[in-house]
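**Q** got a predicted model here, sequence first, then my questions.
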Amino acid sequence: MDFISFLASIERYINIMNSQEIREKFLKFFESRGHKIVPPSSLVPTDPSVLLTTAGMQQFKQYYTHPELADRDFGSRNTVSIQKSFRTSDIDEVGDETHLTFFEMMGNFSFGGYFKKEAIEYAHARGIPIAVSNKSYSMDRNVWHLSHEGADLEDPWNEPKRDLFLLGVAPEDAPDKATYLELGFEQGIPVTLDGIKLSPVKLLETLNQLGGQNGVGIIDMVENRLVGMKSRGVYETPGGTILYMAHQALEHLTLDRMTLHYKEQIALKYAELVYDGVWFSPLREALDAFVQVTQQNVTGTVRIKLYKGNCSLAGTKSPYSLYNEEFATFGRDGVYNQKDAEGFINLFGLPLKVRALMEKKSGLR
């Protein structure tokens, strides 16, 4: 039985098994596959970087950076544990001033070499295509991206090797001729590529191919994980990079200043929710509702230039464009009286003027 089958069996019997039976079945599954059962730790964090919501997991933190310690303390680098955790009242969705919500986190943990050989053999036996040329790296792939971690990449000083990339080529190996493409959007959704209507998946797959050929979408970053540690990864996301650039350009043309700036502010919070796995939350749904309203006029065409790792804007147009050449011109125009700027400047700068007068009067300057 593989783990997916195990989950299916849990789901099938979930209504007739009590909580203790579920715990035992979970632990026995991994114990039979060589995992060491580790008892739960204290709910009180000893590390200030560890969140209260995941305090029960703090004992594993050191083993991700020093896997040899797992051999010493557990006798195995593969462990399984059920940790008690809780949510506090500072989380809006759960709890209140006087209550805490307790729950348990089931997990199996690997501190290096997690069944990689067995996983590859499992995939080959079932006809699942898998790339094993970069055997030293930990890789995760879906239609949106391919991530590389581990091995020489664990040192942030090391530049990614040119043979690392699987979705495309290194920028210096890309063609010497630029590739141009046009993306069509309807209410914020990409629907056409060079005038041809494509399904979302087909469009993204095509952009992955075009972007990869031009060395676009290679992102080398050190990220902050939820559990408190930093990790370095190299990501290939050619299609995502192109779509992000094109959509952003169209928003700059069609969204008003206040809406655009506020959307950019909440984008960071939205990214945190997704990264931390809090997708099924009221806040994410509320942010989705806001974004949906902002996209009503994000319709138009964006021309993108791909060249040796660069993804640059080459033109934007929209029937809902807020850009007006008559207002934006640096030449002579009769749209508005230029002298109006004098009164605006006086009023806009008034708070700064009042503060400066106060500082002068009080001797602060």
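**A** Arrived safely, thanks for sending.

**Q** what's downstream of the host helix or strand of residue 26, the next helix or strand?
**A** In this assignment (DSSP states H and E), residue 26 forms part of helix 19-31. Per DSSP H and E, helix 19-31 leads on to strand 36-37 as the next helix or strand towards the C-terminus.

**Q** list the neighbouring strands of that following strand plus their orientation.
**A** strand 78-87 (parallel) (DSSP bridges).

**Q** could you list the low-pLDDT ranges of the stretch 251-365 of the chain?
**A** 328-334 (pLDDT under 70).

**Q** show me where it has its helices.
**A** For the stretch 251-365 of the chain, helices defined by DSSP state H, counting those that start in this stretch occupy the ranges 257-275, 282-294, 325-328, 340-348, 350-362.

**Q** distance between the last one and the chain's centre?
**A** This points to helix 350-362. 44 Å (C-alpha atoms, centre = their mean, to the nearest Å).

**Q** with the fourth one instead?
**A** The offset between the C-alpha centroid of helix 340-348 and the centroid of the whole chain comes to 42 Å, using C-alpha atoms, centre = their mean.

**Q** same check, this time on the longest one
**A** On the basis of C-alpha atoms, centre = their mean, the separation between the geometric centre of helix 257-275 and that of its chain is 13 Å.

**Q** orientation of it relative to helix 282-294 in degrees?
**A** 140 degrees (axes from the mean of the first three to the mean of the last three C-alpha atoms, to 10 degrees).

**Q** what comes up buried for helix 257-275?
**A** 263, 270 (16 or more other C-beta atoms under 10 Å). For the C-beta atoms, the positions are set from N, CA and C on the backbone; glycine is no exception.

**Q** now it - C-alpha only, PDB.
**A** Only the C-alpha atoms of helix 257-275 are listed here, as PDB (Å, rounded to 0.1, in the frame of the first residue of the first chain):
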ATOM      1  CA  ARG A 257      -4.100  54.800  -8.800                       C
ATOM      2  CA  MET A 258      -5.700  54.100  -5.400                       C
ATOM      3  CA  THR A 259      -7.000  50.600  -6.400                       C
ATOM      4  CA  LEU A 260      -3.700  49.600  -8.000                       C
ATOM      5  CA  HIS A 261      -1.600  50.700  -5.000                       C
ATOM      6  CA  TYR A 262      -3.900  48.900  -2.500                       C
ATOM      7  CA  LYS A 263      -4.000  45.800  -4.600                       C
ATOM      8  CA  GLU A 264      -0.200  45.700  -4.600                       C
ATOM      9  CA  GLN A 265      -0.200  46.000  -0.800                       C
ATOM     10  CA  ILE A 266      -2.600  43.100  -0.200                       C
ATOM     11  CA  ALA A 267      -0.700  41.000  -2.700                       C
ATOM     12  CA  LEU A 268       1.900  40.300  -0.100                       C
ATOM     13  CA  LYS A 269      -0.700  39.100   2.400                       C
ATOM     14  CA  TYR A 270      -2.300  36.900  -0.300                       C
ATOM     15  CA  ALA A 271       1.000  35.400  -1.100                       C
ATOM     16  CA  GLU A 272       1.600  34.600   2.600                       C
ATOM     17  CA  LEU A 273      -1.800  32.900   2.900                       C
ATOM     18  CA  VAL A 274      -1.000  30.700  -0.100                       C
ATOM     19  CA  TYR A 275       2.600  29.900   1.000                       C
END
